[in-house]
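Trainee: next comes the sequence, and after it the predicted model I'd like to discuss.
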Amino acid sequence: MEIDYIENEVSLLQPPAVQRRRIRPVDDAHPFDLDAYISGYSGRTAFDRLVHIISTCPTLAPQALKLAFAQIEELRDPTLYQTVMNAYDNVADLPEVQLPSTSELCSVNTVWCEEVAKKNQAERAKLEVELKTYSNNMIKESIRMGHRDLGDFYRATGDYTQALKHYTKSREFCSTSQHILDMCLSVLELVIEQRNYAHISSYVFKAEGALDTASAAAAAANAAAGSNNNSAAAPPKKSAERDQVQSKLDFAMALFHLGQANYEKAAQLFLKIGPPDSLGDWIGKLVAPGDFAVYGTLCALASMSRSAIKSQLTGNAIFSAYIEQEPYVRDLTQSYLSSDFKNVLELLERYSTRHYVDIHMYSHVYDLTNLIRNVAVVLYFQPFQTIRLDRMSAAFGWTVDEVEKEVVALIQSGQIQGRVDSQNKILKARKVDHRAELFARAIKTAGEIQSTNRKLLLRMRLQQADLVVKPPKSRREQDRAVELLQGD
């Protein structure tokens, strides 16, 4: 397994030009409780997150290695031993890292590996024989269940390619919308575990179509039952099962937009997700409640306006339940809304390790932090015509030179309309003559109207002089016939 080392800047309070580093610290300035964090996950996602923590936080690598070894014996894939040891060895080989060897910390349970390998081989043979029998007997429902069971087996044993093959093959033998929906949800779980975000959207759309069809069929059945009982059928309502499925689809689609770096749409979907119990077994299996607080808040602060954040984030009672899992997120949001941007950047730096150890978020933390920083600078300057850079440096916790570089970059990108007096260290807003802008727009509109009128007058004169080319007679007859048909 290839480990993608995270390149990060030395401090989020520093400008982007600062050299990034490859590992994340865990200390008093960057607290992170591994046991509390990993307790929110189970199954393969817990193992994947431990491997990612080994590659990003060498300080926690020995502890994460022991937890990963313990987690492996709860799964059915003996090859995971080699995966986690390769990740640990890759980190131990870094010149700036000193770690004990794998053999000093834990050892491979070879007896368990042999037993699990035999069980997996026996179960695979059994499932393949059953599927072959069902195929020979041409039992459609049994064939579908056979492919589904083989997909579950290969997913549990780590063969994602074969798992996806059998899940998609079961689509040919689905006879109801509910079967199609179950197949799509199984594939979505698989691609989310793989972090294969590009395939999420197609299966979400298929699942939504199947969900609508299943809901319509259920509503029709209820209406028929009501008419048979000679009673007025109640208007169809969203069932708890539909809400659960819809929340799962919203979460999957939010991850898709996050993977595409479309942070605004991702934020809207994360904030739209229902309460934790609406996600059913996906909580812990794929994601923890605290992750929604981190995903939704960082994406919202980086892409949404203050009014939208107040209405959709702080005023969202359901999302508040997720924020309770990560209390610092509430402080981060309140500091942002109260323009305490120095505290915002300090909180982002303090909990940066928490953000980087997340397997879905880590590749976006750097960009999200820069976006939040840029928005903060723009919002801080908005009320001023002129402001001294030393005042901004005190507000953001940067040096004057760092503030100047940041402001110049924002001016060059067009996010700040102003100019910097480098000698006196003053940022001045570009003066806008609103009266001149109004006259310019009026003159432009008048010119467009004048041009349109000239074209209309020219056409009228051409028609008066009979210089307009008329269509052929047959074409006129066809047009007349079409008009008559349309009139009827």
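Mentor: Received, thanks. Because the structure is predicted, anything quoted here is derived from the model rather than measured. Numbering: from 1, shown residues only.
Trainee: run through who's touching stretch 346-363.
Mentor: 4, 6, 8, 11-13, 24-26, 29-32, 37, 45, 48-49, 52-53, 56-57, 195, 255, 258-259, 291, 294-295, 298, 328, 331-332, 335, 365, 369, 372, 397 (CB atoms under 8 Å, 6 or more residues apart in numbering). For every residue, glycine as well, the C-beta is placed using N, CA and C.
Trainee: just the buried residues of those.
Mentor: With burial judged by 16 or more other CB atoms under 10 Å, the buried subset of these is 6, 8, 12-13, 24, 26, 30, 32, 37, 45, 48-49, 52-53, 56-57, 255, 258-259, 291, 294-295, 298, 328, 332, 335, 365, 369, 372, 397.
Trainee: which stretches in the stretch 301-450 of the chain count as helices?
Mentor: Along the stretch 301-450 of the chain, the stretches classed as helices by DSSP state H, counting those that start in this stretch are 306-309, 317-323, 327-337, 341-350, 352-356, 365-381, 389-396, 400-412, 434-464.
Trainee: any idea which of those is most buried?
Mentor: helix 352-356 (a mean of 22; mean count of other CB atoms under 10 Å).
Trainee: report the buried residues of the helix or strand where Val116 lies.
Mentor: Per DSSP states H and E, Val116 falls inside helix 110-137. Residues Cys113, Val116, Asn120, Glu123, Arg124, Leu127, Glu130, Leu131, Tyr134 are the ones in helix 110-137 that count as buried (16+ other CB under 10 Å).
Trainee: closest one of those residues to Leu99?
Mentor: Using CB to CB, Cys113 comes nearest to Leu99 of the buried residues of helix 110-137, at 24.1 Å.
Trainee: residues contacting that closest one?
Mentor: Pro78, Tyr81.
Trainee: now do the SS call for the nearest residue to Val116 once chain neighbours are set aside.
Mentor: Leaving aside its chain neighbours, Val116 sits nearest to Pro78 (5.5 Å; criterion: CB to CB, 6 or more residues apart in numbering). Three-state call for Pro78 (DSSP: H, G, I helix; E, B strand; the rest coil): coil.
Trainee: could you do Glu96 as well?
Mentor: Under three-state DSSP, Glu96 falls in the coil class.
Trainee: pLDDT value on the closest residue in space to it that isn't next to it in sequence, please?
Mentor: Leaving aside its chain neighbours, Glu96 sits nearest to Ile23 (7.6 Å; criterion: CB to CB, 6+ apart). On the pLDDT scale, Ile23 is placed at 81.
Trainee: restricted to helices, list the buried ones among the contacts of stretch 346-363.
Mentor: 37, 45, 48-49, 52-53, 56, 255, 258-259, 291, 294-295, 298, 328, 332, 335, 365, 369, 372 (DSSP state H).
Trainee: pLDDT weak spots in the stretch 301-450 of the chain?
Mentor: Residue ranges of the stretch 301-450 of the chain with pLDDT under 70: 432-433.
Trainee: again, 80 this time
Mentor: 430-434 (pLDDT under 80).
Trainee: same deal with the stretch 101-250 of the chain?
Mentor: 214-241.
Trainee: measure the spatially closest residue to Trp282 that is not a sequence neighbour to Ser202 for me?
Mentor: Closest residue in space to Trp282, ignoring its immediate chain neighbours: Lys248 at 5.8 Å, by CB to CB, 6+ apart. The spacing between Lys248 and Ser202, counted by CB to CB, to the nearest Å, is 16 Å.
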